[in-house]
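Undergrad: here is the input, now give the coordinates:
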Amino acid sequence: MARQCALRLLFVILSIVCVTTAFAEKGIKCGTQEAFERFQRGDKLTRPPNGPKYIYSPHFIIHFDTTGAHACTRAYAESTSIYAEFSWAKQIGGLGWAATPPDIGGPDSRYDIYIQNIPYYGVTYVESPYPTPYPTGFTTYIVLDNNMSWDDLCATTAHEFNHGCQIRYSVQYNWWYENVATWMEDVCYDHVNWYIYCLYTSPNPLADPNLSITETSNMYAYAGYLWARFLHEYYSITCLRLIWEEIGQMGGNSTLMAIDSILQCYDSDLKMALGAYAVWRYFTGNRADTIGHFSESHFWPTSYVDPNHQHNGSGSGNQGTRYIDGPGGTSYIEFYTTPDYLLKNSFTGGTNGKWQAWHIGYTPPTGHMHYMMDSVDFWSILPTMWHDTIVFTPVATNLAASGLIYSYSGIGISSTPSPPQDPELEVYSILSPTDTISQYTTITPLSVIRNNCTDPTDSTWVSFYVGDFYSDSREIGQLGPGQTDTVSFADWTALERNSYGARCIAGGSYDVDRTNNCCDTSINVPLSDVEVLEILSPRGVIAQNMAVEPRVLLRNNGTSGANVSVSFSVQNYTYTTSIYLEPDSSGELSFADWTPVELGACTTNCLITTPDDRACNDNLIGEVLVDSSTSLEENQMQRVTQFILRVNPNPSRHHTDIRYEIPNVVDSRQYAVGSIRIYDIVGRLVKNFSVLTAYSLMPNVIPWDGRDDQNRKLPSGVYFVTLKAEDYSATEKLLLIR
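TA: Presented below is the predicted three-dimensional model:
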């Protein structure tokens, strides 16, 4: 496993080197922002000329040329078509994003992609208003560069197509568009990892954590992929689509308001998300925690800590030259382990700032805990004996302010007694909250503190934590010998439904026995939430009258096992079945076969019919195209009647037959069919058949057992079967199920 991780890291580093070289030649990856600025200025933007050659697929028309300044190879154009159809199937058919509007600027209503020699990898152009049902939605078309690597081509196609989906919701272009499009290319083609290059440019969210999530200088909006990825991993992959739907309904420059609105469906809000995002960014590079935080963080640089914010024991300071700059801006202030047993941190923000402050207790390589500090006085205590480093993290939650200032201090509380006193303070118990608590219940946290010694205590500091999002701190006076005191804290409301812990920590100037200065208990706030993550089948394009098994991916986000009823409908088909899922687990659910009859685009709908606590993620709507022929056309659309490719059965579990025929004998020449090739979803050739045939009214059949050229069994997934002969080509999508 370690060797595999090392090899993958080496691959990532080499990829960054290659991307850096390619990027230096292009200068800018995505030209959509510049195109949008021209659109806003009212510049008249003219489409590239159609053709002269075409690749027709169910949802796209690829315009290309094989000679001249914009020349590319036929394989390049065909690969673009395959990548575009996969992006459509994944983003619209699988994740339920709204389909791009009909494109009236090209030969027909299919979405037009032009392959040109341009100074970008790709650009999405805004064209015409399309206000139904989203008031500020527009139509678009895409231009892709004619000279990219295969990895760059597939990722850029997914990136620019996501821009087309975004603009279908709203044309109010800002930083969020690039955050999400970069995230989506990683969702579609996880092996490419182009975004990692952006984390080595300046500025970025790891090297410059003080900058706002709304930052746009240089390539920050691409590196801001981390914000979109955080929302995906911390809340749900569905969260991103819901935010775009909310933006589409709100209209205008409403991104932050839309994020805040949707996060409330998850018993959270923008303020809490910004605080947790700041904490997550600390655990990258050599501090990576791929289980509890970002799953790919071990491939990233280590987040920056200002040397002026690194203290051995007690210390103090301010923002220095790195002012906190708007929502999400943070600093990491490290206090290293000392003989002291408690660290009391205090924070004061400028009057123009709205803040959260967090404590992180960190022990390499991945041991840690983190708590939101008291949100009023911003002081809190943690035991240094449990951690190598205490990290103090102030986070700005302002939606507009920049250049925010702050000051902080850290005071170590020694465990060495001062004669003649011999104090021994104990956190005796937590009275509330404990056990199981109903959602939205408001409780006053209570803890009991006791002086076990024969001398009075000095002043005592007490902090109380519940989960990640609550803390409160109190300072109490002297306790006499053997005296107890019940300390009450600010009310806590059980909003975040989950199982988590409560902890009370107390200490004074000195303490003989520091092992009993902390008391823990566990709390369960039941959560019932099963989510529709993705429609696995049918999606994209399918053949008429060919049976398809609908399949969906579900996840139980709840705190207990759940048996849920799920309904799937498409055209005149509706089928309901059920599945049992353990807590915090995912599973696939299959339905009875559906045979499509009606041609054209149709809506797929997966609905969880068992009520739960989060209705916002119970329904997923996708799209599938039913076609009498799934072959690609080139140059002239009527050629589809001359060249036919079929794969049956499809989906296939073990083997399938590849059938091809040329029913129209146009002359007596004999044509050699050069190859039938099978590619995986990222365009890699996995199987190559060399065949020879002639024009014939009889179909030719090649059996395929689902193995590659090395006779290895291929995994489940989407594959593309491509047939080429002279200037003809056809492609059929195949779903392989193991």
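Undergrad: in the stretch 251-400 of the chain, mark out all the helices, start to finish.
TA: 255-263, 270-282 (DSSP state H, counting those that start in this stretch).
Undergrad: name the helices or strands packed onto the first one?
TA: It refers to helix 255-263. Helices and strands touching helix 255-263, by 3 or more CB pairs under 8 Å, 6 or more residues apart in numbering; DSSP states H and E, are helix 238-250, helix 270-282. Just so you know, the C-beta spots here come from the backbone N, C-alpha and C atoms, and that holds for glycine as well.
Undergrad: I'd guessed Trp300 sits against Arg287; true?
TA: No. With contacts counted by CB atoms under 8 Å, Trp300 stays clear of Arg287, the gap being 10.2 Å.
Undergrad: tell me, please, the helix or strand in this protein that averages the lowest pLDDT.
TA: Lowest by mean pLDDT, DSSP states H and E among the helices and strands of the chain is strand 633-634, with a mean of 34.
Undergrad: and the next helix or strand past that one?
TA: Note on strand 633-634: by DSSP states H and E, the next helix or strand toward the C-terminus is strand 644-648.
Undergrad: relative orientation of the helix or strand that that next one is followed by and strand 644-648 in degrees?
TA: Next along the chain after strand 644-648, taking DSSP H and E as the criterion, comes strand 656-662. Here strand 656-662 points in a direction 160 degrees away from that of strand 644-648 (axes from the mean of the first three to the mean of the last three CA atoms, to 10 degrees).
Undergrad: strand 656-662 packs against which elements?
TA: Identification of packing neighbours for strand 656-662 by 3+ CB pairs under 8 Å, 6+ apart yields strand 644-648, strand 696-704.
Undergrad: check the ones you listed for me: which has the lowest mean pLDDT.
TA: Ranked by mean pLDDT, these bottom out at strand 696-704, which scores a mean of 62.
Undergrad: alpha carbons of the next helix or strand after that strand, as PDB, please.
TA: Moving toward the C-terminus from strand 696-704, the next helix or strand (DSSP H and E) is strand 717-725. Taking C-alpha atoms only, strand 717-725 is exported to PDB below (Å, rounded to 0.1, in the frame of the first residue of the first chain):
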ATOM      1  CA  GLY A 717     -18.200   0.700 -16.100                       C
ATOM      2  CA  VAL A 718     -18.900   2.500 -19.300                       C
ATOM      3  CA  TYR A 719     -17.000   1.600 -22.500                       C
ATOM      4  CA  PHE A 720     -17.100   2.900 -26.000                       C
ATOM      5  CA  VAL A 721     -17.000   0.600 -29.100                       C
ATOM      6  CA  THR A 722     -15.700   2.400 -32.200                       C
ATOM      7  CA  LEU A 723     -15.800   1.100 -35.700                       C
ATOM      8  CA  LYS A 724     -13.700   2.800 -38.500                       C
ATOM      9  CA  ALA A 725     -13.500   2.300 -42.200                       C
END
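Undergrad: buried residues, strand 717-725. List them.
TA: For strand 717-725, burial by neighbour count (16 or more other CB atoms under 10 Å) applies to Val718, Tyr719, Phe720, Val721, Thr722, Leu723, Lys724, Ala725.
Undergrad: tell me the angle the helix or strand just after that strand makes with strand 656-662.
TA: Sequence-wise, the next helix or strand downstream of strand 717-725 (DSSP H and E) is strand 728-736. Relative orientation of strand 728-736 versus strand 656-662 (the same axes, to 10 degrees): 160 degrees.
Undergrad: and strand 728-736, average pLDDT?
TA: 75.
Undergrad: may I have it as PDB, with CA atoms only?
TA: Output of strand 728-736 as PDB, limited to C-alpha atoms (Å, rounded to 0.1, in the frame of the first residue of the first chain):
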ATOM      1  CA  TYR A 728     -16.700   6.400 -42.000                       C
ATOM      2  CA  SER A 729     -16.900   6.000 -38.200                       C
ATOM      3  CA  ALA A 730     -19.400   4.900 -35.700                       C
ATOM      4  CA  THR A 731     -19.400   4.600 -31.900                       C
ATOM      5  CA  GLU A 732     -21.600   2.700 -29.500                       C
ATOM      6  CA  LYS A 733     -21.600   3.000 -25.700                       C
ATOM      7  CA  LEU A 734     -21.600  -0.200 -23.700                       C
ATOM      8  CA  LEU A 735     -22.300  -0.600 -20.000                       C
ATOM      9  CA  LEU A 736     -20.300  -3.500 -18.500                       C
END
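Undergrad: so which bits of stretch 295-315 are buried?
TA: Residues Glu296, Ser297, His298, Phe299, Trp300, Ser303, Tyr304, Val305, Asp306, His309, His311, Gly315 are the ones in stretch 295-315 that count as buried (16+ other CB under 10 Å).
Undergrad: tell me which two of the residues you listed sit farthest apart.
TA: Farthest pair in the buried residues of stretch 295-315 (CB to CB) is Glu296 and Gly315. Separation: 33.1 Å.
Undergrad: quick check: the closest residue to Tyr125 other than its chain neighbours vs Gln319, distance?
TA: Once flanking residues are discounted, Tyr125 sits nearest to Ala35: 5.1 Å by CB to CB, 6 or more residues apart in numbering. Separation of Ala35 from Gln319 (CB to CB, to the nearest Å): 37 Å.
Undergrad: so Leu479 sits right up against Asp458, yeah?
TA: No. Look at Leu479 against Asp458 with CB under 8 Å: they stay out of range, at 9.4 Å.
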